[in-house]
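In: task: produce atomic coordinates for the following.
(one chain, ligands or ions: 1)
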Amino acid sequence: MTANEHRFATRAVHAGQEPDPTTGAIMPPVYQTSTYVQEALGKPRRGYEYARVQNPTREAMEANIAALEGARHGVAFASGLAAIEAVVKRLSAGDHIVSEENTYGGTHRMFTQVLARLGLEFTFVDSRDPDNVRRALLPNTRLVHLETPTNPMMRLADLRAIAAIAHDAGALVAVDNTFATPYNQRPLELGADIVVHSSTKYLNGHSDVVGGVVVTNDEQVATDLRFLQKSTGAIPGPWDCWLILRGTKTLHLRMEAHNRSGQRIAEFLERHPRVEAVNYPGLPSHPQHELARRQMCGFTGMLSVELGSLERARKFAEGTRLFALGESLGGVESLIGHPALMTHATVARERRTAMGITDGLVRLSVGVEDPEDLIEDLDQALQRV
Ligand code: P1T
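Out: Residues are numbered from 1 along each chain as shown. Sure thing, here's the model as predicted:
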């Protein structure tokens, strides 16, 4: 039985890793090298020639994350955005992409301000209704890019329904699974073709690396991504790969805590008189709670709350002591942020507001501290609002 056939927690600890062939070291070494000595002209040892193209530490991390998503192939990049860019760069000028409108702000900026300039065409839709995706499809649509749950509104896309629609039209489906993680949701099992991650977040989990990864079971997509990885060069360094690999070993343990505390804090905030609305798929009040229960097995530590005005949001976000004010998410420590002024500042104001990213919206990344302490912290900050 290979590590890939085991259950999730066993895969998290073992997949992609064998004892080091030289010493038996149980941890894959950090192969901090740019090149490999060749035995003779045109005769590399064990296939390793140059570190942009191959690195054993990177390969271990790629194989580990692929196994967690139930994929045969994993291809790592220097950041989540570089991973998403590679998926889109498989296409050519004149090709059309349908994208969920409420993605991470940086994804939207890359699509509209970089890739659209190079001749790729984008249509942005509210993918909560699969018919919106269907209506946006064009004869030249090659890719549907989804994010579920979305950053920061926690909207969901029905992956089975949208995969069927896209495949009928000959388009592939890529899912940004950064918020959910493979512990809570495995898009490939629901019909998606490609999964992308900002491994900066939950996969690494310790707020000390920026990274990205793409996984797939599609042989052609995997070949194309490997080609792009070596040809465009946005690769992660071996030390960052090693840190991410250390992070994924405890993904299941951390996600249990994030899921549990996320749910408790969402319930606490929903009852709080100073909070107008809570966006969290684990709450029965979430408009897509039934879908969440069907396609996810946990609801993460991410949530957003509406406080009604910029002034109130500012007092809350600046008033916490344990929740640190900062961009990013998914680390062991709790973070608080203001999407309109931070992660989604580059999205046009009207578009932002139409999606619910108001000046009163605050986003929480619930860490793995004691949830009682976190609730007390949020409560004292809300008293200032
Ligand atoms: O930062 P980077 O590793 O390049 O990942 C970009 C990215 C992609 N997808 C999602 C869903 C993300 O949330 C991000 C990055 N997000 C933040 C930095 C943030 O604070 O939301």
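In: okay, now Asn4: neighbour count?
Out: 18 (other C-beta atoms under 10 Å). In this view, the C-beta of every residue, glycine as well, is placed from N, C-alpha and C.
In: give me the residue from the protein nearest the ligand.
Out: Gly80 (2.4 Å; C-beta to the nearest ligand atom).
In: show me what the strand or helix carrying Glu376 is packed up against.
Out: Glu376 is part of helix 371-383, with elements assigned from DSSP states H and E. Applying 3 or more C-beta pairs under 8 Å, 6 or more residues apart in numbering; DSSP states H and E, we find helix 371-383 packed against helix 251-271, helix 310-319.
In: of all those helices, which one is nearest Leu291?
Out: Among the helices and strands packed on helix 371-383, helix 251-271 comes nearest to Leu291, with 16.7 Å by C-beta to C-beta.
In: what's the angle between the closest one and helix 371-383?
Out: Counting by axes from the mean of the first three to the mean of the last three C-alpha atoms, to 10 degrees, helix 251-271 lies at 40 degrees to helix 371-383.
In: return the distance of helix 251-271 from the chain's centre.
Out: Its chain's C-alpha centre and that of helix 251-271 lie 18 Å apart, by C-alpha atoms, centre = their mean, to the nearest Å.
In: swap in stretch 59-78?
Out: Distance, centroid of stretch 59-78 to centroid of chain: 14 Å (C-alpha atoms, centre = their mean).
In: per-residue confidence averaged over it?
Out: The pLDDT scores in stretch 59-78 average 98.
In: now do stretch 323-341
Out: On average, stretch 323-341 scores 98.
In: hmm, back to that, the helix holding Glu376: which residues count as buried?
Out: Of the residues in helix 371-383, Pro371, Leu374, Ile375, Asp377, Leu378, Ala381, Leu382 count as buried by neighbour count, 16 or more other C-beta atoms under 10 Å.
In: one step back: tell me the pLDDT at the residue nearest to the residue of the chain closest to the ligand when sequence neighbours are not counted?
Out: Nearest residue to Gly80, sequence neighbours excluded (C-beta to C-beta, 6 or more residues apart in numbering): Ser198, at 2.6 Å. On the pLDDT scale, Ser198 is placed at 98.
In: can you report how many residues neighbour Ser198?
Out: 30.
In: shouldn't it be in contact with Ala83?
Out: Yes. Counting by C-beta atoms under 8 Å, Ser198 touches Ala83, with 7.4 Å between them.
In: quick one: contacts of the helix holding Glu376?
Out: Residues outside helix 371-383 that contact it (C-beta atoms under 8 Å, 6 or more residues apart in numbering): 260-261, 264-265, 268-269, 272, 274-275, 315-316, 319-323, 334, 364, 366-367.
In: with just CA atoms, put that helix into CSV.
Out: C-alpha atoms of helix 371-383 as CSV (Å, rounded to 0.1, in the frame of the first residue of the first chain):
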residue,chain,number,x,y,z
PRO,A,371,-11.5,29.8,21.9
GLU,A,372,-12.6,31.2,25.2
ASP,A,373,-9.8,33.8,25.1
LEU,A,374,-10.7,34.6,21.5
ILE,A,375,-14.3,35.2,22.4
GLU,A,376,-13.4,37.4,25.4
ASP,A,377,-11.1,39.4,23.0
LEU,A,378,-13.8,39.9,20.4
ASP,A,379,-16.3,40.8,23.1
GLN,A,380,-14.1,43.5,24.7
ALA,A,381,-13.4,44.9,21.2
LEU,A,382,-17.1,45.0,20.4
GLN,A,383,-17.8,47.0,23.6
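In: can you verify my assumption that Val215 contacts Ala192?
Out: No. Look at Val215 against Ala192 with C-beta under 8 Å: they stay out of range, at 10.1 Å.
In: of the two, which one has the most company?
Out: Neighbour count, other C-beta under 10 Å: between Val215 and Ala192, Val215 has more, with 31 against 26.
In: in a strand, that's where the more buried one is, yeah?
Out: Yes. Assessed with DSSP: H, G, I helix; E, B strand; the rest coil, Val215 lies in a strand.
In: once you drop chain neighbours, what's closest to it?
Out: Spatially, and ignoring its direct neighbours in sequence, Val215 is nearest to Ala71 (3.8 Å; C-beta to C-beta, 6+ apart).
In: show me which residues of the protein sit near the ligand.
Out: Contact residues, the chain versus the ligand (C-beta under 6 Å from any ligand atom): 79-81, 104, 106-107, 147, 151, 176, 178-179, 198, 200, 210, 212, 327-329, 343.
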